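[1] Quick check, what structure comes out for this input:
(2 chains)
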Amino acid sequence: MTIKFENIYINETATVTGPYESNGRLSKYFDKSYNDLYFGMKTWEQAESKLVNDAIDILLNKEGINRFKIEAFIGGDLLNQITASNYAMAKEDTPFIGIYAACATSTLGLIVAANLVNSGLNKVITFTSSHNNAAEKQFRYPVEYGGPKPKTTTFTSTGSAAALLSTKKKGIKLESGTIGKVIDLGIKDVYNMGAVMAPAAADTIYTHLKDTGRTADYYDLILTGDLGIYGLNILKEYMQSEYGITLGNCNDTGLMLYDRDSQPVNAGGSGPATAPLVTYSYIFDQMKKGKLKKVLLVATGALMSQTMANQKLTIPAIAHAVSLEVRG
Amino acid sequence: MEKTKYKNIVDKNTPKENTFYDCLVAFVTGGLMGILAEILIEFYQNLLDIPFKSATVCMLVTLITLSCLFTCFGFFDKWVNFCKCGLIIPITGFAHATMSAALEYRKEGLVTGIGANMLKLSGAVIIFGVVSSWLFSIIRLVVGLA
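    Numbering: from 1, shown residues only, chains lettered A, B, ... in the order given. Next up is the predicted model:
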């Protein structure tokens, strides 16, 4: 299902990261980066929550508006009960919609926010966050445990990104959004999330192109969320064999955030913050400079549950897409 | 797409792990661990005059203490990641798994945090260690009677 938006703009964005991201390829594009993983807080969960508050503060500062002008927040993260978002929002006095689509939360947030603005709200902020250690603790092993990891594993990014949406003609145009379906093609390997998510990304891209009557060439760049290098290759082969579509102009934000040659991130970056960290910083910069005009952002999420994985069930995935354009 | 057809695409695009290299590293480092343990036993036996049975216990305690300490210092996970089963299979792996879980949950309270989660990874080792020792004792008993 693709929803077309006539008059919705991402006016301003803010990105805050941890140390691994600031040592990556896009360090100079971020608004703020920390050198440690606690940011002055006592635990990683609290630290992630602080990242969200930081991103919102920076966003409001950059746009130069009072926080009471914001009519709604939409956000989510990876932690159980979307802890980081909820605790961050306890510090705000504004209506909040918490959402969860694993690492596809960012584009889902943009679609929900755009619909709220479409239905009459003036200013809406959507945000996501992730924290490497908090995610490792919840989904994998203790952080200090050094068990070997297969090459297909990804590295959860630490950061938070927020975007302000309104009808004011400023910034990047949010042209349309495609809400994805939950897809499960029978992958059980919790260390190969790229393979889990690639069919969901393929389905959403195909649906978007079909609904809008466009070809893949219409976009200067089709950007997936966190498939990693192997997942991206699977996506290309899947698109070719299932739909006969060649994806030439595509990349993955998980591959852009880190330097895979010098950083121990295996297949690439992942996490709900990965796609917006790269898009709101580097991609928007390229769009404002006119190097990219039309970008399709397809954030991908593996809807993994430890309980179901232990019950030997396969892992479902989802992908939501937004079409971003330079104001014409 | 058929799940089997998709599995083929996934398999084609999944990199092979260097199993031979990993085994070699584990073999060499695991062997070095054995040598270290022997040296420790000799040390306790000959220099501190501890009887053999107690010297082996002292060796185990030394290795456990060192792995726990190194885990707390934050560099042992890199060693384990490199040596793989060379450090995971010996008692060092058990100590590392227990200590890393204890560190992870220490901020969630003594009972609800450390107490409840310390054996999260290594609890299975204890359970199946006890079960298999029971099983082998039965076999020994039966064989002994025959």
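
[2] my guess is A:K137 meets A:Y145, correct?
    No - counting by Cβ atoms under 8 Å, A:K137 sits too far from A:Y145 to count as a contact (10.1 Å). Any C-beta I mention is one placed from the backbone N, CA and C, and that applies to glycine too.

[3] Look at the two and report which has more neighbours.
    Taking other Cβ atoms under 10 Å in any protein chain shown, A:K137 and A:Y145 do not tie; A:Y145 has more neighbours (24 against 20).

[4] contacting residues for the closest residue to that one other than its chain neighbours?
    Counting by Cβ to Cβ, 6 or more residues apart in numbering or on different chains, A:Y145 lies nearest to B:S100, which is 4.0 Å off, once chain neighbours are set aside. Neighbouring residues of B:S100 by Cβ atoms under 8 Å, 6 or more residues apart in numbering or on different chains: A:Y141, A:P142, A:V143, A:E144, A:Y145, A:G146, B:T71, B:D77, B:L121.

[5] Ok, A:P264 next?
    By Cβ under 8 Å, 6+ apart, the residues touching A:P264 are A:F155.

[6] re earlier: now, which of the contacts of B:S100 lie within helices?
    B:T71, B:D77 (DSSP state H).

[7] Assign a three-state SS to A:D57, would you?
    helix (DSSP: H, G, I helix; E, B strand; the rest coil).

[8] How about the one 5 residues further on?
    For A:K62, the assignment made with three-state DSSP gives helix.

[9] Make sure it is actually in contact with A:N11.
    No - under the contact definition of Cβ under 8 Å, A:K62 does not touch A:N11, with a separation of 9.5 Å.

[10] The two: who's more crowded?
    A:N11 (19 against 14).

[11] partner strands of the helix or strand where that one lies, parallel or antiparallel?
    A:N11 belongs to strand A:9-17 when assigned by DSSP states H and E. The pairing partners recorded for strand A:9-17 under DSSP bridges are strand A:32-33 (parallel), strand A:159-166 (antiparallel), strand A:172-178 (antiparallel).

[12] if you compare these, which one is most tucked away?
    strand A:159-166 (a mean of 30; mean count of other Cβ atoms under 10 Å in any protein chain shown).

[13] tell me the phi and psi of B:I127?
    Main-chain dihedrals, B:I127, degrees, to the nearest 10: phi -60, psi -50.

[14] ok, it - contacts?
    No contacts exist for B:I127 under Cβ under 8 Å, 6+ apart.

[15] rewinding a little: C-terminal to the strand holding A:N11, what's the next element?
    helix A:19-22.

[16] What's the separation between B:M59 and B:S122?
    Distance of B:M59 to B:S122, given as Cβ to Cβ, to the nearest Å: 20 Å.

[17] Would you mind telling me which of these two has the busier surroundings?
    When B:M59 and B:S122 are compared for neighbours, B:M59 comes out ahead with 22 against 19, by other Cβ under 10 Å.

[18] so how many other residues sit close to the nearest residue to the more buried one once chain neighbours are set aside?
    Counting by Cβ to Cβ, 6+ apart, B:L40 is the residue found nearest to B:M59 once chain neighbours are left out, at 4.1 Å. If you count neighbours by other Cβ under 10 Å, B:L40 ends up with 19.

[19] Which helix or which strand is home to B:L40?
    Assigned by DSSP H and E, B:L40 falls in helix B:19-42.

[20] Run through who's touching stretch A:183-195.
    A:149-150, A:152-154, A:196, A:199-200, A:203, A:226-232, A:234, A:267, A:270, A:302, A:304, A:309, A:312-318, B:1, B:3, B:6-7, B:10, B:13-14.

[21] And the buried ones among the residues you listed, selectable in PyMOL?
    The PyMOL command for the buried members of those (criterion: 16 or more other Cβ atoms under 10 Å in any protein chain shown) is given here:
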select buried, (chain A and resi 149+152+153+154+196+199+200+203+226+227+228+229+230+231+232+234+267+270+302+304+315+316+317+318) or (chain B and resi 1+6+10+13+14)
